[in-house]
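Participant: Sharing a model prediction with you, sequence too.
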Protein chains: 2
Amino acid sequence: MIGIFDSGIGGLTVVRELLQRAPEASFVYLGDTARTPYGNKSPETVIRYALEDAEFLISKGATSIVIACNSASAVASEELKKKYPNIPVFEVITPAAQDALVVTKGRIGVIGTRATINSKAYEHNLKPETRNPKPEIFARSCPLFVPLVEEGWLERSETKRIVRYYLSSLKQQNIDTLILGCTHYPLLRPLVQRFIGNKVKIIDSASSVVSRILQTEGLIKSGDQLYYLTDVSKHSEEVAQKWLGHSIVFKQALLS
Amino acid sequence: MIGIFDSGIGGLTVVRELLQRAPEASFVYLGDTARTPYGNKSPETVIRYALEDAEFLISKGATSIVIACNSASAVASEELKKKYPNIPVFEVITPAAQDALVVTKGRIGVIGTRATINSKAYEHNLKPETRNPKPEIFARSCPLFVPLVEEGWLERSETKRIVRYYLSSLKQQNIDTLILGCTHYPLLRPLVQRFIGNKVKIIDSASSVVSRILQTEGLIKSGDQLYYLTDVSKHSEEVAQKWLGHSIVFKQALLS
């Protein structure tokens, strides 16, 4: 059983991608909605939360861990791999960076939360020793995208203006590839693509990590699909239904 | 020593008001930045957090509790009063409602987080048995105001448009009084006043609760002023400095 965690419901974009490509896959999902968001919290706090999240998933039978949250991937993946050396731990940053390096002509934009961008985790992964010339990286934190997505403001004029505000500098830099470095951002993809232009290739970290999971032998087994949240609310259920296209029963998870 | 807690740094608007009117007042502040925001979480979770916050303040020597957070005031003040029957517990909703009832001609608007508005705590306090005719109440949740304030977008055109979006229905209802039912909202007061019109009286729950504290004998003593956060970050320190006009040293609080 695959264990997937996220700071909240954003990681359901990874679940959506997984279900599209492996509808029977057995997994247990944990959204830490009681402490969401992670993206504007310090590395120390995010590491502590990520370790607790993984422990919960393992207690529910997970035999692999997917860190669906970019912020947690950026600051906590080393700690998780160290703590669980015997199970596969996937994070979302390396796969997205690899996919971007395949398609880019040399100018890559990265957007994410403040925690993800400040960590410089993408820069680190996008400048491999073996590649010359190294691509140029333009990173931009977009802290208001998560609340806009959680409000369901996916096409509103206010959202369009905020997209323009955050992405103008990347557009001026003539990026050819843009990494959506946050699980919430795929829901803004139509607006982002329209603003940044059709020539810019968009890499979605949710899609990239699911490709890696599917390429790993023996991970996909058919079986239960379980959803847990640390704070179950009507709002979460409504948003989940909208994103996944069908209703979900969330169970309450109590950490610590 | 007065104990003041909030879901994050928003409660510093209460501290700011207190310091303006009693600069020497001794207090200990706790901002639960590791789990912020409370305003879109369920009552059960907010109650649990509020109890832990109060316990922390008491362990630091607080002899009274101020719930600076409207969301926690709305759902957790009864539980706190029950748990601590021997110390004064102030919440921000009753004082703001009382102040609104003094000035209104009968049409009161209330804005707040989803948790505060859904709780109907203001409606409950604004319709006292003894008053006839009862005022008409128009409530509106404004979930994006908190992230906008935390980003420091206090005067941007995007914020103006979102203010217009949220407050149009209240304006159409010809309210004469508007309660800012969230500690973050005083920072949007200039924009809100401009949109809603100068004739509308604005009641700020931070100011209302500080008036009640100052009216209570024996609460104000001069002494230490301590600031704790559950997640200390540079961003919090920057925002705090901007709001209070001077720099603050936050100490790390570890709950649970």
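Facilitator: Perfect, thanks for sending it.
Participant: Would you tell me which residues of chain A are close to chain B?
Facilitator: A:33-35, A:40-42, A:45, A:114, A:143-144, A:147-148, A:150-151, A:153, A:157-158, A:161-162, A:165, A:230-233, A:235, A:256 (C-beta under 8 Å from any C-beta of the partner chain). Yep, even glycine has a C-beta here, placed from its N, CA and C like the rest.
Participant: The same query, at a cut-off of 7 Å, please.
Facilitator: A:34-35, A:40-42, A:45, A:114, A:143-144, A:147, A:151, A:158, A:161-162, A:165, A:231-233, A:235, A:256 (C-beta under 7 Å from any C-beta of the partner chain).
Participant: Of these, keep whichever come out buried.
Facilitator: Buried subset of the residues of chain A next to chain B (neighbour count, 16 or more other C-beta atoms under 10 Å in any protein chain shown): A:34-35, A:40-42, A:45, A:114, A:143-144, A:147, A:151, A:158, A:162, A:231-233, A:235.
Participant: Most proximal residue of the stretch 101-250 of chain A with respect to chain B?
Facilitator: Nearest residue of the stretch 101-250 of chain A to chain B: A:Pro147, at 4.2 Å (C-beta to the nearest C-beta).
Participant: and that residue, what pLDDT?
Facilitator: We have a pLDDT of 93 for A:Pro147.
Participant: so which strand or helix has the closest residue to it other than its chain neighbours?
Facilitator: Closest residue in space to A:Pro147, ignoring its immediate chain neighbours: B:Pro147 at 4.2 Å, by C-beta to C-beta, 6 or more residues apart in numbering or on different chains. For B:Pro147, the host element (DSSP states H and E) is helix B:145-150.
Participant: Give me the below-cutoff pLDDT ranges for chain A.
Facilitator: A:256 (pLDDT under 70).
Participant: Could you give the secondary structure assignment for the residue most central in space within it?
Facilitator: What sits nearest the mean C-alpha location of chain A, by C-alpha atoms, centre = their mean, is A:Thr183, with 3.2 Å. Following DSSP: H, G, I helix; E, B strand; the rest coil, the label given to A:Thr183 is coil.
Participant: what's the neighbour count on the residue lying closest to A:Leu226 once chain neighbours are set aside?
Facilitator: In space, and not counting its chain neighbours, A:Leu226 is closest to A:Val28: 4.3 Å by C-beta to C-beta, 6+ apart. By the measure other C-beta atoms under 10 Å in any protein chain shown, the count of residues near A:Val28 is 24.
Participant: Are we agreed that A:Val28 is in a strand?
Facilitator: Yes - under three-state DSSP, A:Val28 sits within a strand.
Participant: Give the bridge partners for it, please.
Facilitator: A:Gly3, A:Leu226 (DSSP bridges).
Participant: just checking, it touches A:Gly3?
Facilitator: Yes - contact criterion C-beta atoms under 7 Å: A:Val28 and A:Gly3 qualify, at 5.4 Å.
Participant: Mind listing the shared neighbours of these two?
Facilitator: A:57, A:62 (C-beta atoms under 7 Å, 6 or more residues apart in numbering or on different chains).
Participant: contacting residues for A:Ala76?
Facilitator: Per C-beta under 7 Å, 6+ apart, neighbours of A:Ala76: A:46-47, A:50.
Participant: Closest one of these to B:Leu219?
Facilitator: B:Leu219 has its nearest neighbour among these in A:Val46, at 37.6 Å by C-beta to C-beta.
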